[in-house]
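Colleague: Build me a structure from this.
(2 chains)
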2 protein chains.
Amino acid sequence: VNASELKKRLVQIVGAENVSTESVDLLCYSRDASENVGKPDIVVWPNNTSQVSEIMKLANELRVPVTPRGAGTCLSGGPVPARGGILLVMTRMNKILEVDIANLQVLVECGVVWQDLNNELMPYKLFLPPDPASKDACTIGGCMAECSGGIRAVKYGTFRDWTLGLQVVLPNGEVIETGAKTRKGVSGYDLTRLFIGSEGTLGIITRARLRIFPLPRHRLVMSAYFDSMESAGKAIFRVMTSDLIPSAAELMDKQTVEAVSKFMKMEFPECIALAIFEFDGSSLGEVKRRIRQARKLCEREKATRVDVSETVEESDRLWQARKSAGPALATLKPSSLHEDATVPTSRIPEMLTRIEQIAQKHNVLIPTFGHVGDGNLHPIILYDERNPDEKKRAEAATTDIFRAAIELGGTLSGEHGIGLSKAPFFSMEHSTQEIEIMRKIKNVLDPNNILNPGKIWAGA
Amino acid sequence: VNASELKKRLVQIVGAENVSTESVDLLCYSRDASENVGKPDIVVWPNNTSQVSEIMKLANELRVPVTPRGAGTCLSGGPVPARGGILLVMTRMNKILEVDIANLQVLVECGVVWQDLNNELMPYKLFLPPDPASKDACTIGGCMAECSGGIRAVKYGTFRDWTLGLQVVLPNGEVIETGAKTRKGVSGYDLTRLFIGSEGTLGIITRARLRIFPLPRHRLVMSAYFDSMESAGKAIFRVMTSDLIPSAAELMDKQTVEAVSKFMKMEFPECIALAIFEFDGSSLGEVKRRIRQARKLCEREKATRVDVSETVEESDRLWQARKSAGPALATLKPSSLHEDATVPTSRIPEMLTRIEQIAQKHNVLIPTFGHVGDGNLHPIILYDERNPDEKKRAEAATTDIFRAAIELGGTLSGEHGIGLSKAPFFSMEHSTQEIEIMRKIKNVLDPNNILNPGKIWAGA
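Modeller: Numbering: from 1, shown residues only, chains lettered A, B, ... in the order given. Next comes the predicted model:
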């Protein structure tokens, strides 16, 4: 493709101020929050659906790859261009189009930031429950593309559970509306959920209609400290199989607790494992009752100490600490791989042991924390990329972690997506036939393979 | 196809005792619970996945249509053969393969009856929440194929929200496993939810892995009577947008209440509308607190009377009455069309008015009840099929109901599926482009169009 011709035609669509080939932009948009790097040839900021449609028609005609991108907080390389081409920054399409209180739903453009939407809902005492750790920055479109989860998914599910319908621009520029304005609906194939989690490879999600939910009036957080992983695992099992229904069930290992303690300048009691539970509800008495019962279950499993946050401020501070786990651990070494291997909850203790063994085998540090209530761990593989040998060992450890997750009946990705990072391992989890069907579906929607090529399966 | 050759080869696969061409079987399996009729050429009862696979290979080779069927409780003609061929009765594949308490999930064969599964879970104080009205008979496979909902979907969602993964036999006989054993998972396209609600047109679901949930210790039911639909609508709106989170929110109109009263020999106070709410939870005090608040909201909207069921028996009796609405209304006329037009909850009052107008316009009776909390109404169009003019008017009224639902931003089907009944109206709801994508996906999986042909879109 003639680069100046491409630029000229893109400028015709979105205006000169919304197209860039400046090195600084190409560089900026060659990374997400993962270790992946890939430079686009040109960056474009569309302002509305019809511009996106025109861009896709052009790209399809010229066979230029297009990579859509929200805030770039992705941890698997989803918005990193694998084959150059157009980088489509969706952040200017950030209007909240409808807040429909009567039907408990919102219609938003894909570039709306999660926190902005929830701030808008706050006065109505409503919220969108799935809450990715990057919620201050991440866009709804990105959450859709990756089927994001977060801390409260253990009670409330992930984005696929909260989406009613989508507006999608197909690779050929056609615009479709999927789904319905109703929670129940079985009219034709579920195209909505086909696009959710498709990592921007099947279409560009330009709008989403999302269910929203009454904000619980009360939330209390409980921290339980254990001197063995086994006890922590058992306590978590007891709480999760009770009818106490926590809205969060998190775990931090010793290394993570120590790193967070330093990073946040917070004191934590000595422990091997820290479990954090949240309970929410519309009555304070009821939330306290559930906390008391959860405390008993933890004490029965030999918790060395259990603290209940007395105030919202205390709870918030604890969540702040939990959310700083990634950044805190990242300070320990120049580079880190943030994984999201997910196993059935009963296999968590075994998975934690395996991660420990893998760390020893490859002589790398792998502190681990995560959404233990739904089996979604975040082992962080720390290394120094200037040390080629350590980098190699870190990568080998990562491969072993993927293998362990699959062996224990789990999945490569709970919430970060496959993207570039896990594409080489995709066939570990999926059969040839299954992958073949996915490829054929991709081919139906994107016969010229112009939309986010190179993702999900190796060599795509 | 040579009929005796087909029979011979099917007998080789499943044994003579599992194949029938007897008229009584062909007749029996030419109907579901809807008004649709279509005779198969041969009925087959497979016993395991590999037999299903062999049958599909054979059917694909010989280009014989195959219609899969569970208990036949479908209300849209899904399991009624549109083009003869093989009728595949899945009810003998009825093993509960795993009850995995630790991970709150079960693995079942498709022929397991909903109630049998829930009976099995009862001792563990666990349950599968989505509860179709036909739960005593319907199979899990059928629930998957139609993405069934039911009364408690308003709190707990439908089958798509509770499925972790599927085993599916494709039209070419290949067997694939979709999904993961974990609630969170974003590894490749969501094939699980592509098959859910595909009405047996993309593959034969032979196994399902389902999430299960702690059974609430307490459930209380409240009936609120109103002397206008408007008041009932407002009260429902208040309850649904509060943080009281009912586990059911049902409505019955005057005609339905009277029919149920006769049918069940139960006395009901005089009313224009009866709203029934259920609240569930692990603490009785908390459930009572929510009932009290809901009562206040109903009284504020001029409920003429509010009763709270004091005992489980009273609650059960009320649910029995609600569930008898369909059968009770069916006694009023020889024939009935059971629809499930679904609209955004705020449009319910308007939809009810429209249904009334449509009944008057076409001079037919259309009593209405349904899952008002999620907008899923069940207007029942009553007629006598021996009266051709009345039948015509009933059909015209049905078409008008579909049109009204779409005009009010709703969908043709909340939980019954499109099947044969609504196939002629499918393009009312979906754009040409959307249908084209669905057709192409169908073609990827079933290029010879042998699996449940003639469903969902007209002329398919």
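Colleague: Output the longest helix belonging to chain A.
Modeller: The residue-count maximum for a helix in chain A (DSSP state H) belongs to helix A:388-407.
Colleague: Could I get the buried residue list for that one?
Modeller: Within helix A:388-407, the residues that qualify as buried are A:390-391, A:393-395, A:397-398, A:400-402, A:404-406, counting by 16 or more other CB atoms under 10 Å in any protein chain shown. C-beta coordinates here come from the backbone N, C-alpha and C atoms, glycine included.
Colleague: Could you dump the residues you listed into JSON lines with distance to A:Trp457 and pLDDT added?
Modeller: Converted to JSON lines, the buried residues of helix A:388-407 look like this (distance: CB to CB, whole Å; pLDDT from 0 to 100):
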{"residue": "A:Glu390", "distance to A:Trp457": "29", "pLDDT": "96"}
{"residue": "A:Lys391", "distance to A:Trp457": "24", "pLDDT": "96"}
{"residue": "A:Arg393", "distance to A:Trp457": "26", "pLDDT": "97"}
{"residue": "A:Ala394", "distance to A:Trp457": "23", "pLDDT": "97"}
{"residue": "A:Glu395", "distance to A:Trp457": "19", "pLDDT": "96"}
{"residue": "A:Ala397", "distance to A:Trp457": "23", "pLDDT": "97"}
{"residue": "A:Thr398", "distance to A:Trp457": "18", "pLDDT": "97"}
{"residue": "A:Asp400", "distance to A:Trp457": "21", "pLDDT": "97"}
{"residue": "A:Ile401", "distance to A:Trp457": "20", "pLDDT": "97"}
{"residue": "A:Phe402", "distance to A:Trp457": "15", "pLDDT": "97"}
{"residue": "A:Ala404", "distance to A:Trp457": "21", "pLDDT": "97"}
{"residue": "A:Ala405", "distance to A:Trp457": "18", "pLDDT": "97"}
{"residue": "A:Ile406", "distance to A:Trp457": "16", "pLDDT": "97"}
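Colleague: Spatially, which two of those residues are the most separated?
Modeller: A:Glu390 and A:Ile406 (25.0 Å; CB to CB).
Colleague: Would you map the helices across the stretch 351-460 of chain A?
Modeller: Here the stretch 351-460 of chain A has its helices, by DSSP state H, counting those that start in this stretch, at A:388-407, A:426-429, A:432-445.
Colleague: List the contacts of A:Gly414.
Modeller: For A:Gly414, the contacting residues are A:Gly149, A:Asp340, A:Ala341, A:Thr342, A:His371, A:Asp374, A:Gly375, A:Asn376, B:Thr182, B:Lys184, B:Gly185, B:Val186, by CB atoms under 8 Å, 6 or more residues apart in numbering or on different chains.
Colleague: Name the nearest residue to the fourth one, sequence neighbours excluded.
Modeller: Nearest non-adjacent residue to A:Thr342, counting by CB to CB, 6 or more residues apart in numbering or on different chains: A:Gly414, 3.3 Å away.
Colleague: Dihedrals phi and psi, that neighbour?
Modeller: phi -80, psi -40 (degrees, to the nearest 10).
Colleague: cool, and the one 4 residues further on?
Modeller: With angles defined as degrees, to the nearest 10, A:Ile418 shows backbone torsions of phi -90, psi -50.
Colleague: tell me the contacts of it?
Modeller: A:Ile418 makes contact with A:Ser76, A:Glu199, A:Leu412, A:Phe426, A:Lys455, A:Ile456, A:Trp457, B:Val186, B:Ser187, B:Gly188 under the criterion CB under 8 Å, 6+ apart.
Colleague: Need the worst-confidence member of these.
Modeller: Across these, the bottom pLDDT score, 91, is held by A:Trp457.
Colleague: Against chain B, how distant is it?
Modeller: 8 Å (CB to the nearest CB, to the nearest Å).
Colleague: Contact residues of the stretch 351-460 of chain A facing chain B?
Modeller: A:371, A:374-376, A:409-418, A:422, A:426, A:429-431, A:433-435, A:437-438, A:440-442, A:444-445, A:456-457 (CB under 8 Å from any CB of the partner chain).
Colleague: Quick check: PyMOL command selecting the buried ones in the residues you listed.
Modeller: Only the buried entries of those go into this PyMOL selection, using 16+ other CB under 10 Å:
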select buried, chain A and resi 371+374+375+376+410+411+412+413+414+415+416+417+418+422+426+429+430+434+435+437+438+441+442+444+445+456+457
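Colleague: Straight-line length of stretch A:11-26, end to end?
Modeller: 17 Å (CA to CA, to the nearest Å).
Colleague: A:Val19 and A:Arg9 touch, don't they?
Modeller: No. Using CB atoms under 8 Å, A:Val19 is not in contact with A:Arg9; the gap is 9.8 Å.
Colleague: Neighbour count: those two, which is higher?
Modeller: Per other CB atoms under 10 Å in any protein chain shown, whichever of A:Val19 and A:Arg9 has more neighbours is A:Val19, with 21 against 16.
Colleague: Quick one: name the residues of the stretch 1-150 of chain A near chain B.
Modeller: Residues of the stretch 1-150 of chain A lying near chain B (CB under 8 Å from any CB): A:Asp100, A:Ile101, A:Ala102, A:Asn103, A:Leu104, A:Gln105, A:Lys125, A:Glu146, A:Cys147, A:Gly149.
Colleague: Looking at those, which are in strands?
Modeller: Judged by DSSP state E, the residues of the stretch 1-150 of chain A next to chain B include A:Asp100, A:Gln105 as members of strands.
Colleague: Widest-spaced pair of the residues of the stretch 1-150 of chain A next to chain B?
Modeller: Comparing all pairs in the residues of the stretch 1-150 of chain A next to chain B by CB to CB, the longest separation belongs to A:Ala102 and A:Glu146, at 30.2 Å.
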